[in-house]
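Trainee: The following block contains a protein sequence and its predicted model.
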Amino acid sequence: MPLNNPTRQPLVTTADKVFDQMQRAIVEGEIKPGSKISEPELAKQFEISRSTLREALNRLEKCHLVERKPNVGSRVVECTIEGLLEIYVVREALEGMACRQAAQNMTDQEIVDMQDMLKQHASAQELKDGISYYQEEGDLDFHYKVILGSHNQQLINILCGQLYHLVRMYRIQFGMNSPRATRAFAEHSNIIQAIADRDGELAELLMRRHIGASRKNIEKKIAELG
């Protein structure tokens, strides 16, 4: 049975709703990276108690969007090139592992659904023109379906929960539009074929190469800008 995506929890409590609003604002840059968080101002803005606000801030800290420092208080994390590359190294290892598990655990229907999703992606004009390969919420839709298909709750918690919005934040802040559109789509297709063939070793290898190629592309762009 497919496991639930922890990034899609229902908003029940006031803290849930404040967490969701702040999360979106931080990811989309409405609350600037590195900016200091004023608890009195936010409590007044949301018309909530300080304890409710702290609950939301604790959750943002677990998502690595907010950091607390002694004698300084809470701040939104800074987006750095080093941090971005470190995330890609982590993704390469853990998503490779998730891909191997997906080849073992993904149901036949989940595989069919992903193949259908790729057919929809292929119809996008931007992809046909080789300009961009945009998926909902950045270039994560395919990857997160693979992660969920691993049916490994620990990997899902780390990749879909803790790192999900941080990755989105980096992509939005740096605006890394990849010139690898056509190649990235072909790599996704090859990964799904390996999963469908239940070849976990090949699936892991292809995913690691896929994410590694994206990291090298970012490094190249950074070098060009420098």
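Mentor: Yes, it's here.

Trainee: quick one: least confident helix or strand in this structure?
Mentor: helix 125-128 (a mean of 72; mean pLDDT, DSSP states H and E).

Trainee: pLDDT (mean, whole number) over stretch 34-51?
Mentor: On average, the pLDDT along stretch 34-51 is 91.

Trainee: Oops, could you answer that again for stretch 15-29 instead?
Mentor: 90.

Trainee: and R75, that's in a strand?
Mentor: Yes - R75: assigned to a strand according to DSSP: H, G, I helix; E, B strand; the rest coil.

Trainee: Which pLDDT does the model give it?
Mentor: R75 carries a pLDDT value of 93.

Trainee: That one contacts S35, doesn't it?
Mentor: Yes - between R75 and S35 a contact is recorded at 6.7 Å, counting by C-beta atoms under 8 Å. For every residue, glycine as well, the C-beta is placed using N, CA and C.

Trainee: Just the pLDDT for the residue nearest to V66 when sequence neighbours are not counted.
Mentor: With sequence-adjacent residues excluded and distances taken as C-beta to C-beta, 6 or more residues apart in numbering, V66 is closest to L60, at 4.1 Å. The score at L60 is 93. That number is its pLDDT.

Trainee: Can you name every helix or strand that the helix or strand L60 falls within contacts?
Mentor: Assignment of secondary structure by DSSP states H and E places L60 within helix 50-62. Using 3 or more C-beta pairs under 8 Å, 6 or more residues apart in numbering; DSSP states H and E as the contact definition, the elements that helix 50-62 packs against are helix 14-27, helix 39-46, strand 66-69.

Trainee: follow-up on the earlier one: R75 and S35: which is more packed in?
Mentor: For R75 against S35, the residue with the higher neighbour count under other C-beta atoms under 10 Å is R75, and the figures read 15 against 12.

Trainee: Tell me how many other residues surround V76.
Mentor: 21.

Trainee: which ones are touching it?
Mentor: For V76, the set of contacting residues under the criterion of C-beta atoms under 8 Å, 6 or more residues apart in numbering consists of I26, I31, K32, P33, G34, S35, I37, L65, V66.

Trainee: Could you do L202 as well?
Mentor: L202 makes contacts with A194, as judged by C-beta under 8 Å, 6+ apart.

Trainee: and with 10 Å instead?
Mentor: Each residue near L202 by C-beta atoms under 10 Å, 6 or more residues apart in numbering is listed here: C99, R100, A103, N190, I191, Q193, A194, I195.

Trainee: And stretch 85-92, how far out from the chain middle?
Mentor: With C-alpha atoms, centre = their mean, to the nearest Å as the basis, stretch 85-92 stands 11 Å off its chain's centre.

Trainee: average pLDDT for it?
Mentor: Stretch 85-92 shows a mean pLDDT of 92.

Trainee: Give me the contacts around that stretch.
Mentor: 64, 80, 95, 98, 143, 147, 158-159, 163, 166-167, 170, 207-216, 218-219, 222.

Trainee: filter those to the buried ones?
Mentor: Buried by 16 or more other C-beta atoms under 10 Å: 64, 95, 98, 143, 147, 158-159, 163, 166-167, 170, 207-208, 210-211, 214-215, 218, out of those.
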